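Student: sequence-free structure coming up:
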């Protein structure tokens, strides 16, 4: 009887241990998904604040299309993450239901076996029965063993009763968790339904804008080409200034053989090494904002057949925001694109960070700057109300993806 009872206790403990390990892993996954969902919700709020706060002038639908495209993409990510949370909760709920069922069955069996123990103890409860059990021993050693057995039996019975109380408490906790999980799932379902309704509104708005653009196709196609031309002009000047800085630096070092790579002094090597060691942890080039356009090739929001190349990232921020250095370094160039705005280039060993679309500059060529030092005010476009910084990162003449270097960009 005791061996059978111990077997059930062990089985119950193993079941609970596995449930706790699985539950812990799922809890961590749930926390990660919740953090991601909160980030996406904040990003949508920032998009509304930074990209839709100003009323767009008539005819400026290309900017609206890009903003809507960004918002729709983030909204779709939010819906996917919420679905993942809901599915994970389903698995947790089903797992808890199975564990509760198993606990109830095991506890029922344990209580039945414990009842048999109590009945036997009751039948032999009299002092006379215990005394006769001891006196009927064949020798002193057997009497001593029987006395030890009686003590152990009493202790064992007490322990089993305590185990049942403990497991009953754990069963109550599991039931409470199950109730909480169902409430969270219901809330996620409501939020997801709301997100889907908003997504449909945004997609309909995008469809109407697209229809408007199609009616003036030649006008907007020309605007897209002009935008691509302006971007190429900025990229060309950035890379020209980098090559000029490399040539000038290497000439001062007495090295003229390399034109695509900085010849570094020992101090510059240390700075470059420190910069490289901070990959993925660099601060944002503005205090607050959202990434409105990422690095690399992307499809046009209006004409998917048209591809755009972005050699940096575009960050939307608040009006009056200041660009700031992502790392310590030296200002090696000031950009002034004809018909455009200003920019600043900073050298960090053989890494170069560029901050473009500034209206007022606070630094000049040759200045040493520290991380977070303000470089200038980010320009606000009067026609669409957007305040956007174009941020680029290079290693010598090689383009780098800022999203790999700046923390959570």
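Tutor: Nice, thanks for sending it over. Note that the coordinates shown come from a computational prediction; the quantities given were computed from them, not determined experimentally.

Student: got a list of what residue 269 touches?
Tutor: Neighbour list for residue 269: residue 349 [criterion: Cβ atoms under 8 Å, 6 or more residues apart in numbering]. C-beta: built from backbone N, CA, C; applies to glycine.

Student: and it, which helix or strand is it part of?
Tutor: In this assignment (DSSP states H and E), residue 269 forms part of helix 266-277.

Student: residues of that helix that come out buried?
Tutor: 268, 271-272, 275 (16 or more other Cβ atoms under 10 Å).

Student: of all those residues, which two lie farthest apart?
Tutor: Taking every pair in the buried residues of helix 266-277 and measuring Cβ to Cβ, the maximum separation is 10.3 Å, between 268 and 275.

Student: which residues are common contacts for these two?
Tutor: Counting by Cβ under 8 Å, 6+ apart, the residues touching both residue 268 and residue 275 are residue 349.

Student: just checking, what packs against the helix or strand where residue 393 lies?
Tutor: Per DSSP H and E: residue 393 is located in strand 387-395. In terms of contacts (3 or more Cβ pairs under 8 Å, 6 or more residues apart in numbering; DSSP states H and E), strand 387-395 is packed against helix 217-252, strand 313-317, strand 351-361, strand 374-378, strand 398-400.

Student: what would these look like in a markdown table with distance to residue 300, mean neighbour count and mean pLDDT?
Tutor: As requested, those are arranged in a markdown table below (distance: least, Cβ to Cβ, whole Å; neighbours: other Cβ atoms under 10 Å; pLDDT from 0 to 100):
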| stretch | distance to residue 300 | mean neighbour count | mean pLDDT |
| --- | --- | --- | --- |
| helix 217-252 | 6 | 15 | 80 |
| strand 313-317 | 15 | 23 | 90 |
| strand 351-361 | 20 | 22 | 93 |
| strand 374-378 | 25 | 22 | 94 |
| strand 398-400 | 21 | 15 | 92 |
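
Student: so can I have CSV of those showing distance to residue 296?
Tutor: Converted to CSV, the helices and strands packed on strand 387-395 look like this (distance: least, Cβ to Cβ, whole Å):
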stretch, distance to residue 296
helix 217-252, 13
strand 313-317, 10
strand 351-361, 17
strand 374-378, 23
strand 398-400, 10
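
Student: closest to residue 88 out of these?
Tutor: Of all these, strand 313-317 comes closest under Cβ to Cβ, at 31.5 Å.

Student: packing partners for the closest one?
Tutor: helix 2-51, strand 290-293, strand 387-395.

Student: report the angle between it and strand 387-395.
Tutor: 150 degrees (axes from the mean of the first three to the mean of the last three Cα atoms, to 10 degrees).

Student: give me the sheet partners of strand 313-317 and which way each runs.
Tutor: Applying DSSP bridges to the sheet, strand 313-317 is found paired with strand 290-293 (antiparallel), strand 387-395 (antiparallel).

Student: so what touches the next helix or strand after the shortest one?
Tutor: On the C-terminal side of strand 290-293, the closest following helix or strand by DSSP H and E is strand 296-299. The contact list for strand 296-299 (Cβ under 8 Å, 6+ apart) reads 305-310, 401.

Student: burial-wise, tell me which of the strands paired with strand 313-317 comes out on top.
Tutor: Among the strands paired with strand 313-317, strand 387-395 has the highest mean neighbour count (mean count of other Cβ atoms under 10 Å), at a mean of 23.

Student: now do that strand: distance to the chain's middle.
Tutor: The chain centre lies 22 Å from the centre of strand 387-395; the measure is Cα atoms, centre = their mean, to the nearest Å.

Student: repeat that for stretch 320-339.
Tutor: The answer for stretch 320-339 is 29 Å, by Cα atoms, centre = their mean.

Student: which parts of it are buried?
Tutor: Going by neighbour count (16+ other Cβ under 10 Å), the buried part of stretch 320-339 is 321-335, 337.

Student: got the angle between the strand holding residue 393 and strand 374-378?
Tutor: Using the same axes, to 10 degrees: strand 387-395 against strand 374-378 is 140 degrees.

Student: so how do I select the buried members of the contacts of strand 296-299 in PyMOL?
Tutor: This is the PyMOL syntax for the buried subset of the contacts of strand 296-299, where burial follows 16+ other Cβ under 10 Å:
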select buried, resi 310+401
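
Student: residue 262 contacts residue 271, doesn't it?
Tutor: No. Applying Cβ atoms under 8 Å, one finds residue 262 not in contact with residue 271, separated by 11.0 Å.

Student: what residues do those two have in common as contacts?
Tutor: Listed contacts common to residue 262 and residue 271 are residue 349; contacts here mean Cβ under 8 Å, 6+ apart.

Student: can you list the weak-confidence ranges in the stretch 101-250 of the chain?
Tutor: Applying pLDDT under 70 to the stretch 101-250 of the chain flags residues 106-107, 110-138, 140-169, 171, 213-221.

Student: what about the helices in it?
Tutor: Per DSSP state H, counting those that start in this stretch, the stretch 101-250 of the chain carries helices over the ranges 127-135, 140-215, 217-252.

Student: neighbours of residue 87, how many?
Tutor: A total of 12 residues lie near residue 87 under the criterion other Cβ atoms under 10 Å.

Student: for residue 363, phi and psi?
Tutor: phi -130, psi 170 (degrees, to the nearest 10).

Student: residues touching it, list them.
Tutor: 331, 344, 369, 373, 375-376.

Student: hang on, the earlier thing: mean pLDDT for the strands paired with strand 313-317: which is lowest?
Tutor: Lowest mean pLDDT of those: strand 290-293, a mean of 86.

Student: for the closest residue in space to residue 369 that isn't next to it in sequence, give its distance to residue 375.
Tutor: Leaving aside its chain neighbours, residue 369 sits nearest to residue 325 (4.7 Å; criterion: Cβ to Cβ, 6 or more residues apart in numbering). Distance, residue 325 to residue 375, using Cβ to Cβ, to the nearest Å: 6 Å.
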